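K.L.:
Have a look; sequence and predicted model below, questions after that.
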Amino acid sequence: MHRDLKPGNVLVDATGRARVLDFGLAYDAAAGDGLKDANAGTPAYMAPEQVRREEVGPPADVHAIGVMLYEMLTGKRPWDGEDAYAVLLRNIVSVAPIPPTERNPSIPPNVEAICVRCLAKAPQERFPTARELAIALDAARLGKTVNPLPRTTARVTDAAPLSLPPASSQPDPTAAPVHRK
């Protein structure tokens, strides 16, 4: 497990492949001791169980990937606009993020479902591993509809090919945050 996945720790190489850096907080989940320094990491990308200082496993990294995916799709973090550290941590643990399509209606439903599943509050409701998340994202890229059921291997059916909007149609990342009522 990495435990500090965030945009600053992911670089894209010359071939377009993402490379993960900075394994200073990483540990082997199979070796146990997931509670040691459970809340180490960058707060905006921490999973709820990290914030609560509970044992963490691979779904915590899936949550961080979900935060980055949400940012890429909407131009905002799921709990953006909150400056106070305690408020941010409370929101990660107990507040559902604004649905991605409310911030960017052009997000395909299959991609939104994957993103929302990654941000689930309970680790058992997320993809259990980054590999299973990658399989679901690849299926979405190929135009498959992914059944986002928790803790199951992604089911894939035929659907229209994935078509992400051009970068120019993405929301303005400097715009005022949208607040849920």
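P.N.:
Yep, that arrived.

K.L.:
my read: Leu5 touches Ala64, true?
P.N.:
Yes. Using Cβ atoms under 8 Å, Leu5 is in contact with Ala64, at 3.8 Å. C-beta here means a position set from N, CA and C on the backbone, and glycine is covered the same way.

K.L.:
Common neighbours of those two, please.
P.N.:
Tyr45 (Cβ atoms under 8 Å, 6 or more residues apart in numbering).

K.L.:
by contact count, what packs against whichever strand or helix holds Ile135?
P.N.:
Ile135 belongs to helix 130-141 when assigned by DSSP states H and E. Packing contacts for helix 130-141, counted by 3 or more Cβ pairs under 8 Å, 6 or more residues apart in numbering; DSSP states H and E, involve helix 58-74, helix 109-118, strand 144-147.

K.L.:
The first one vs helix 109-118, what angle?
P.N.:
If I follow you right, that is helix 58-74. Taking axes from the mean of the first three to the mean of the last three Cα atoms, to 10 degrees, helix 58-74 and helix 109-118 form an angle of 140 degrees between their directions.

K.L.:
tilt between the helix or strand following helix 58-74 and helix 58-74?
P.N.:
Counting by DSSP H and E, the element after helix 58-74 in chain order, helix or strand, is helix 85-94. For helix 85-94 against helix 58-74, the angle by the same axes, to 10 degrees is 110 degrees.

K.L.:
per-residue confidence averaged over helix 85-94?
P.N.:
Across helix 85-94, pLDDT averages out at 87.

K.L.:
in that helix, what counts as buried?
P.N.:
Residues of helix 85-94 classed as buried: Leu88, Leu89, Asn91, Ile92 (neighbour count, 16 or more other Cβ atoms under 10 Å).
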